[in-house]
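> return atomic coordinates for the entry below.
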Amino acid sequence: MNRSAVLLLGPEALLTVLVSTVFWFCQRHGSGTGRDVELAERFLMWLPFIAVPLAFLTLFLPPLRTWWGLGRILFALAIALSVAGVKLIGAFGTGAKGQDAAFLMVLIFGTALAAVGTAIGGAVILAAERPPVHEWLRTHRLLGGFLTLLAAVPLGAVMMLGGACGLGLIGGLWTSLRR
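Residues are numbered from 1 along each chain as shown. A predicted model of the protein is given here:
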């Protein structure tokens, strides 16, 4: 597969389509009242469950089955979830409708699912790069699967901590530069 095809089929392209769909949805259902708020809430709840598997599907393309490809997936996913989440929360309208809790929900569910995807993706990449790891995972299917999912716990903790620090830094800079 050539380089331009990898870029076209990469996580950035798929998540750009998803974010574009969110923008189209918000343009059509962005009144901030009644049924539009209910639709935005439902779409917001399903956003991490759609975006994360969509992004990690690109890991099945052989040129993206690298550590660099996994990094691309995580970076594109963080940006897509943040942008789409903020846009959908904007469709809630003004007033107290749980906007802050909705954004936290998107980030927490997205990070938890991304941690599981990162653990599985890391195992796939490691098995592709090192034949002994592939052989061990092949012969110990149950134990290998359990250890891979267990690895998602510290990955999720580190990703949540890093995300919280990153958002805090961005929020602090935004507040100080806005004045």
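
> for the longest helix anywhere in the chain, name the packing helices and strands.
The longest helix of the chain (DSSP state H) is helix 141-178. Under the contact criterion of 3 or more C-beta pairs under 8 Å, 6 or more residues apart in numbering; DSSP states H and E, helix 141-178 touches helix 99-129. For glycine as for every other residue, the C-beta is placed from the backbone atoms N, C-alpha and C.

> average pLDDT across the helix it packs on?
Mean pLDDT, helix 99-129: 86.

> center of this protein - which residue?
L77 (3.6 Å; C-alpha atoms, centre = their mean).

> show me what contacts that residue?
P11, L15, A51, V52, A55, G110, A114 (C-beta atoms under 8 Å, 6 or more residues apart in numbering).

> list of residues touching whichever strand or helix holds the fifth one?
I take that to be A55. In this assignment (DSSP states H and E), A55 forms part of helix 34-57. With contact meaning C-beta under 8 Å, 6+ apart, helix 34-57 is reached by 11, 14-15, 18, 22, 25-26, 29-30, 73, 76-77, 80-81, 84-85, 88-89, 91-93, 97, 102, 105-106, 109-110, 113-114, 117, 120-121.

> drop anything exposed from those residues.
Buried members of the contacts of helix 34-57, counted by 16 or more other C-beta atoms under 10 Å: 11, 14-15, 18, 22, 25-26, 29-30, 73, 76-77, 80-81, 84-85, 88-89, 91-93, 102, 105-106, 109-110, 113-114, 117, 120-121.

> lowest confidence element among the helices and strands of this protein?
Lowest mean confidence among the helices and strands of the chain (mean pLDDT, DSSP states H and E): helix 3-8, at a mean of 65.

> following element in sequence after the helix holding A55, please.
helix 67-90.

> export that next one to CSV, keeping only CA atoms.
C-alpha atoms of helix 67-90 as CSV (Å, rounded to 0.1, in the frame of the first residue of the first chain):
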residue,chain,number,x,y,z
TRP,A,67,4.0,2.2,17.3
TRP,A,68,3.9,5.4,15.2
GLY,A,69,0.4,4.3,13.9
LEU,A,70,-0.8,3.7,17.4
GLY,A,71,0.4,7.2,18.4
ARG,A,72,-1.4,8.7,15.4
ILE,A,73,-4.6,6.9,16.5
LEU,A,74,-4.4,8.3,20.0
PHE,A,75,-3.6,11.8,18.9
ALA,A,76,-6.4,11.9,16.3
LEU,A,77,-8.8,10.4,18.8
ALA,A,78,-8.0,13.0,21.5
ILE,A,79,-8.6,15.9,19.1
ALA,A,80,-11.7,14.3,17.5
LEU,A,81,-13.4,13.5,20.8
SER,A,82,-12.6,17.0,22.2
VAL,A,83,-13.8,18.9,19.1
ALA,A,84,-16.9,16.8,18.5
GLY,A,85,-17.8,16.8,22.2
VAL,A,86,-17.5,20.6,22.5
LYS,A,87,-19.6,21.0,19.3
LEU,A,88,-22.3,18.7,20.6
ILE,A,89,-22.4,20.4,24.0
GLY,A,90,-22.8,23.7,22.1
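
> alright, I will stop here.
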